[in-house]
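Colleague: after the sequence you'll find the predicted model.
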Amino acid sequence: MVTMWLRAMLAGALMTAGGTAAAAPERLVALDTVQPGEWELRPLEKDEGKRRLCVRDPRQLLRTEHARHQCRLFVVKDGPAAASVTYDCAQAGGGRTDVRVETPRLVQIRSQGVADGAPFARVMEARRLGACR
């Protein structure tokens, strides 16, 4: 049932984009200025703990709930300071992520979908701390 919901959500996102969504390119304009390194992800809505992530490719910030899975990304929107993607990680789930790049060291992330059979919705602030350890 969750898989059906996810497929319907992804199809709806593609239709909402006017059928213009495409497989993710090698880069996204919105993430061009985002600096690699050690990043701290801090939830803004719930009292969950912070977590750290070594970001080698800024596209890692697009699927923080599916970091260990192979996923297929589809670009919904890509502008100079904001991007939206949907992604499908087969049996592991998928979702939609909207990012807004405030500075090369500060990014706002809104993500929702299904991870390992359970729904999730996250609003986070990602801040670069320095080089990866």
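Modeller: Yes, it's here. A quick note: this is a predicted structure, and the numbers were derived from the prediction, not measured.
Colleague: show me the contacts for the closest residue to P43 other than its chain neighbours.
Modeller: Counting by Cβ to Cβ, 6 or more residues apart in numbering, M124 is the residue found nearest to P43 once chain neighbours are left out, at 5.5 Å. C-betas here are computed from N, CA, C, even on glycine. Applying Cβ atoms under 8 Å, 6 or more residues apart in numbering to M124 gives the contacts 41-44, 64, 108-111.
Colleague: which of the residues you listed tops the neighbour count?
Modeller: Neighbour counts for these, by other Cβ atoms under 10 Å, peak at S111, which reaches 23 neighbours.
Colleague: give the bridge partners for the residue lying closest to that residue once chain neighbours are set aside, please.
Modeller: Distances taken as Cβ to Cβ, 6+ apart place T97 nearest to S111, at 4.2 Å, with adjacent residues excluded. Beta-bridge pairing for T97 (DSSP bridges): V85, S111.
Colleague: T97 and P119, how far apart?
Modeller: Per Cβ to Cβ, to the nearest Å, T97 is found 15 Å from P119.
Colleague: who's more crowded, these two?
Modeller: Remark: of T97 and P119, T97 carries more neighbours, 23 against 13, as counted by other Cβ under 10 Å.
Colleague: was I right to think E45 contacts V123?
Modeller: Yes. The pair E45 and V123 passes the contact test of Cβ atoms under 8 Å, sitting 4.9 Å apart.
Colleague: which one's more surrounded, those two?
Modeller: Using other Cβ under 10 Å, the more surrounded residue of E45 and V123 is V123, with 14 against 10.
Colleague: list the contacts for the more buried one?
Modeller: Contacts of V123 by Cβ under 8 Å, 6+ apart are 43-45, 108-110.
Colleague: so E45 is in which element?
Modeller: Assigned by DSSP states H and E, E45 belongs to neither a helix nor a strand.
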